[in-house]
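J.: make a model of this:
(one chain, ligands or ions: 1)
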Amino acid sequence: MQTPTFYRAEIIFCQEAITITKAIIEQHKENFAASFYNHMLDNTEAAHFLSPEVIQAHLKPGLQVWLEKVFSVADEDSLNKMLAIQRHVGEVHARIEIPIGLVTQGFRLLKHKIHDELLKTDASTSLILAAVLRIETLLDIALEEMSHAFIASHTKNARIDEAYKIVAAGQNLSLEKERQVSALLEWENKLFRALTTNQTLNHVTKLSESAFGLWLHHKASLLFDQTNESKKIDLLIAKIDNETLPSLIGSNEEHTQNQTQTIRQLVSDIEQITYLLSTIFDRFIGLEVGKDAMTQLFNRRFLSTILRHEIELHRKRKDEFAVLMIDIDHFKQINDLHGHDMGDKVIQHVATTLISQVRAGDFVFRYGGEEFLVLLTEITPHQALAIAEKLRHKIAHTPISLADPLPVHLSVSVGLAQYDGHPDYQRLISRADAALYEAKEAGRNRCVVAS
Ligand SMILES: Nc1nc2c(ncn2[C@@H]2O[C@H](COP(=O)(O)OP(=O)(O)OP(=O)(O)O)[C@@H](O)[C@H]2O)c(=O)[nH]1
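T.: Okay, here's the model as predicted:
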C-alpha cells in the first residue's frame, strides 16, 4: 500500500485536535458541502461536470461522508483506509476528467470554511493551533494521494485514447505483423545459410541488432504497452544473442551433437518469438478495428472512451441512455458438458443474437468471458427495459445449432441501469453489475433494473 512521503504522527493523531476537528465536521458538514458545491456551480469550468440534481442526490452526501472519513483518522490503520479512499477518488476524477486545478481549489475552499468555524469556537490558542495543523496536514496528505492516483489513471486513459487515435488514423497492423515476422525469419535464414555454407558466424548480426530487433526496440514499444509476451520476447532475444550465438560460433567447424541440439533449441526459440509476437499483434489488431477477435463485438478497452462520449452528449443534449450487463447463465456447465470449443461457439452465438436485436446506434461490447455490455443510446427507461426483455427472450428461444447432439439450453441474466446524470461512468457500470447480480441471485433468466 502506498503511504504518504512523510507525516508527523503527533500532529495527525493529537487526541485533543482530533476531538475538536471531528466535532466541527459533525456539526457543519452539511454547510461545508453546500458552500463547496455552490462555489463549484459558480465556476463555469466546474459547472460543466455538474448538475444540481446530481449534486443534491449524490455529491453533497458523498462529500459529507468524505469529510467524516478524512477527519476521523485516529491511528495508522484509519489513515491507510482514508488514503485508499483518496486513491479511489483520484481515479474517479480522472475518469470524469476534472481538471486537477479545480480539485486543489476545492480543497482550499474547504480549509477556509473549516478554519472559520474553528476560530469561532472558544478553544485555547494552542488547541486552535494544533487543530489547524491537523486540518492542514490531513487535507494535504489526502490531496497528495488523490493527485498521485489521478495522474496514474489519467496517463492510462490518455494511452487508451492514443491507441484509439492510432487505430482511427488507419495504421495497418496486419501488414506490419507480416512484415516483422518476415524480418525475423529472414534473420533466421541468414544464420542458417551461414551455418550450412560453413561461413564464419562472426559476421552474423545479433538478433537484437537485426532489422527485427531494431523495430522491436524502437517501434513496438511505441505501439504496444509492456506485456508478459513482450517481456518473454526480450528474454528470448537476450538468450539467443548471449548464449546461442556464441555457442554456435565456438563450434562451427563440424556439426557436433551439441550443435544440432543448440540449433534445434534456436528454431524452437524463434518459433516461440513468432508466436508471442503474433499474440501481441492479434490483440492489437482486435483493437485496430475496435473489435474483440472472437465475437467481432466492440472491445471493452474502448468502453471508457465511448461512455465518456455518451456522457458528454447527455450534458450537451440531454440524450438519455442505458447500460445492460448481460451474462450467460450456467456457462461453466456448457463448457463442461460440450467442451471449450462449443463454449466459444455459444459465446459467438449470443454475440450475434445481441447484435441482430439492437439498433445501429447502440453499442455491444464483449465485457468479459461470457459477459456482454450493451449501451442503448437515446432511450427511455421504459424502452430500455423492453429491449432488455426482448434480448433475454430472444436468446432463450433461439436454438443454437452445434455439431454436438446434446441440446444446449441457453439463457441470460440482465442487469439494466439507466444513466442518472452522475459524471462517473464507472458508477453506471457498477449499478448495472449489481442489478445483474440480483438477477442471478433471484434465479437467472431474468432482467433486473438497477435502483
Ligand atoms: N469456452 C469459453 N469459456 C469461457 C470463456 N471465457 C470464460 N469462460 C468460462 O466461463 C465460465 C464462467 O463460469 P462462472 O463465472 O462460474 O459462471 P456460470 O457458470 O456462467 O454461472 P452463472 O453466471 O452464475 O450463471 C468459466 O468456467 C470460464 O472459464 C471463453 O472465451 N470461452
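J.: so where do the strands sit in this protein?
T.: Per DSSP state E, the chain carries strands over the ranges 298-299, 321-328, 363-366, 371-377, 412-418, 447-449.
J.: quick one, which of those strands is nearest to residue 32?
T.: Closest of the strands of the chain to residue 32 is strand 412-418, at 30.2 Å (criterion: C-beta to C-beta). C-beta here means a position set from N, CA and C on the backbone, and glycine is covered the same way.
J.: what's the neighbour count on residue 283?
T.: Residues near residue 283, counting by other C-beta atoms under 10 Å, number 16.
J.: distance of it from residue 293?
T.: Distance of residue 283 to residue 293, given as C-beta to C-beta, to the nearest Å: 8 Å.
J.: next: residue 330.
T.: Residue 330 is 25 Å from residue 293, by C-beta to C-beta.
J.: likewise for residue 350?
T.: Applying C-beta to C-beta to residue 350 and residue 293 gives a distance of 16 Å.
J.: more crowded one of these two?
T.: Neighbour count, other C-beta under 10 Å: between residue 350 and residue 293, residue 350 has more, with 26 against 13.
J.: and the more buried one, what does it touch?
T.: Counting by C-beta atoms under 8 Å, 6 or more residues apart in numbering, residue 350 touches 326, 328, 370, 372, 395, 410, 412.
J.: these two touch, right, the last one and residue 326?
T.: Yes: look at residue 412 against residue 326 with C-beta atoms under 8 Å: they come within range, at 5.1 Å.
J.: give me the common contacts of those two.
T.: Contacts common to residue 412 and residue 326, judged by C-beta under 8 Å, 6+ apart, are 350, 391.
J.: between the two, who's got more neighbours?
T.: Ranked by neighbour count (other C-beta under 10 Å), residue 412 and residue 326 place residue 412 first, with 29 against 26.
J.: by mean pLDDT, flag the weakest helix or strand of this protein.
T.: Lowest by mean pLDDT, DSSP states H and E among the helices and strands of the chain is helix 221-223, with a mean of 63.
J.: contacting residues for the residue of the stretch 201-350 of the chain found nearest the ligand?
T.: Using C-beta to the nearest ligand atom, residue 343 is the residue of the stretch 201-350 of the chain that sits closest to the ligand, at 2.5 Å. By C-beta under 8 Å, 6+ apart, the contact set of residue 343 is 331, 334-335, 370.
J.: which ones among those also lie next to the ligand?
T.: 331, 335, 370 (C-beta under 6 Å from any ligand atom).
J.: look up phi and psi at the last one.
T.: When quoted as degrees, to the nearest 10, the phi and psi of residue 370 stand at phi -120, psi 30.
J.: neighbours around it, how many?
T.: Residue 370, neighbours per other C-beta under 10 Å, totals 21.
J.: that one against residue 328, yeah?
T.: Yes: assessed by C-beta under 8 Å, residue 370 is found in contact with residue 328 at 4.3 Å.
J.: who touches both of these two?
T.: Counting by C-beta under 8 Å, 6+ apart, the common neighbours of residue 370 and residue 328 are 346-347, 350.
J.: of those, list those near the ligand.
T.: Okay, of the shared contacts of residue 370 and residue 328 touching the ligand (C-beta under 6 Å from any ligand atom), that's residue 347.
J.: identify those among the shared contacts of residue 370 and residue 328 that sit within helices.
T.: The helices, defined by DSSP state H, take in 346-347, 350 from the shared contacts of residue 370 and residue 328.
J.: want to try CSV for those residues, with pLDDT as columns?
T.: Shown next, in CSV, are these (pLDDT from 0 to 100):
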residue, pLDDT
346, 93
347, 94
350, 96
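J.: re earlier: least reliable of the strands of the chain going by mean pLDDT?
T.: Looking at the strands of the chain, the lowest mean pLDDT belongs to strand 298-299 (a mean of 83).
J.: please name every helix or strand in contact with it.
T.: With contacts taken as 3 or more C-beta pairs under 8 Å, 6 or more residues apart in numbering; DSSP states H and E, strand 298-299 sits against strand 363-366.
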